[in-house]
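**Student:** quick one: sequence plus predicted model below, questions after.
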Amino acid sequence: DLVGEQERPNPVVIMAGGLGKRLHPLTENYPKPMLHVGDRPILETIVASFADQGFRDIHLAVNFRSDIVESHFGDGSRFGVRITYIREPRPLGTAGALSLLDPNPDIPVIVMNGDLLTRMTCDALLEFHARSAADATMVVREASFDLPFGVVTVEGASIVQIAEKPQRSYLVNAGIYVISPALLRAIPADEHLDMPALFTGAISEGRKTVAFPLHE
């Protein structure tokens, strides 16, 4: 409650335009972010979480069955936020849709996939982004899996170690980002661009990109 009392000026862009093909038949005629988990759509839970944290400027990037999303949320007033819609003429990807933001923000923008449920709050994320003087911050989480084989390490033909069914851990993209205005302005208009490609391009250009670990 105390966090929500302070209004946060940063725009929030939630990507809600995907086709959700992996969830067919549930998503054949229904947008994935509008599927219910508990008693309300995933996207409503996300919007409510941002509202509770004091974020009021919400942009929903929509494409597939945008009518369902827009009829549910309207202008956002009943959720305590101001909702505007980024209507993609065709799927532009998780980064390409940001080129349609108007006007172009002059402060960092939070971007989040529309099918995520997390207890993460964004204060520490924004502080980390600012402290790092980053052009782009990617939220990452640890993913581990057990390899169902004995892994053999050799030197030449000699076996030096056998690890039976070892566990491997990696940092993976969690689908939440902070993008600074300079990088936003560099996104080409009306071109398909996914967020990993935006980060890869930023790295190759010498821009500063950082990873923020998610534990919630």
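**Tutor:** Everything's here; your move. Worth saying up front: this structure is predicted, and the values here are computed from it rather than measured.
**Student:** distance from the longest strand seen in the chain to the middle of the chain?
**Tutor:** Using DSSP state E, we find that the single longest strand of the chain is strand 167-179. Relative to the centre of its chain, strand 167-179 is centred 10 Å away, using CA atoms, centre = their mean, to the nearest Å.
**Student:** after that strand, which helix or strand is next?
**Tutor:** Counting by DSSP states H and E, the next helix or strand C-terminal to strand 167-179 is helix 181-185.
**Student:** for that next one, give the mean pLDDT please.
**Tutor:** Across helix 181-185, the average pLDDT comes to 96.
**Student:** quick one: contacts of whichever helix or strand comes after that helix?
**Tutor:** Counting by DSSP H and E, the next helix or strand C-terminal to helix 181-185 is helix 195-204. Identification of contacts with helix 195-204 by CB atoms under 8 Å, 6 or more residues apart in numbering yields 93-95, 111, 135-136, 138, 173, 177, 179, 183, 187, 209. Bear in mind the C-beta positions are built from the backbone N, C-alpha and C, glycine included.
**Student:** what lines up beside the longest strand of the chain in the sheet?
**Tutor:** As defined by DSSP bridges, the strand partners of strand 167-179 come to strand 109-113 (antiparallel), strand 136-146 (antiparallel).
**Student:** please identify the most buried of the ones you listed.
**Tutor:** Comparing those by mean neighbour count (mean count of other CB atoms under 10 Å), strand 109-113 comes out on top with a mean of 23.
**Student:** other residues contacting that strand?
**Tutor:** Residues contacting strand 109-113 (CB under 8 Å, 6+ apart): 10-15, 46, 55, 94, 98, 101, 122, 125-126, 175-179, 181, 184, 195.
**Student:** just to check, Thr137 is in contact with Val178?
**Tutor:** Yes. Assessed by CB atoms under 8 Å, Thr137 is found in contact with Val178 at 4.2 Å.
**Student:** pull up the overlap in contacts between those two.
**Tutor:** 125, 129.
**Student:** where do the helices sit along this structure?
**Tutor:** With helices called from DSSP state H, the chain shows them at 42-52, 66-73, 93-96, 123-131, 181-185, 195-204.
**Student:** out of those helices, flag the one nearest Leu147.
**Tutor:** Proximity to Leu147 (CB to CB) singles out helix 195-204 among these, at 24.5 Å.
**Student:** next, the angle from the closest one to strand 136-146.
**Tutor:** Orientation of helix 195-204 against strand 136-146 (axes from the mean of the first three to the mean of the last three CA atoms, to 10 degrees) gives an angle of 120 degrees.
**Student:** pull the CA atoms of helix 195-204 into CSV?
**Tutor:** Extracted C-alpha coordinates of helix 195-204, given in CSV (Å, rounded to 0.1, in the frame of the first residue of the first chain):
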residue,chain,number,x,y,z
MET,A,195,13.9,-8.0,-27.9
PRO,A,196,16.9,-10.5,-28.0
ALA,A,197,17.8,-9.0,-31.4
LEU,A,198,17.6,-5.4,-30.0
PHE,A,199,20.0,-6.4,-27.2
THR,A,200,22.3,-8.2,-29.7
GLY,A,201,22.4,-5.1,-31.9
ALA,A,202,22.9,-2.8,-28.9
ILE,A,203,25.9,-4.9,-27.7
SER,A,204,27.5,-4.8,-31.2
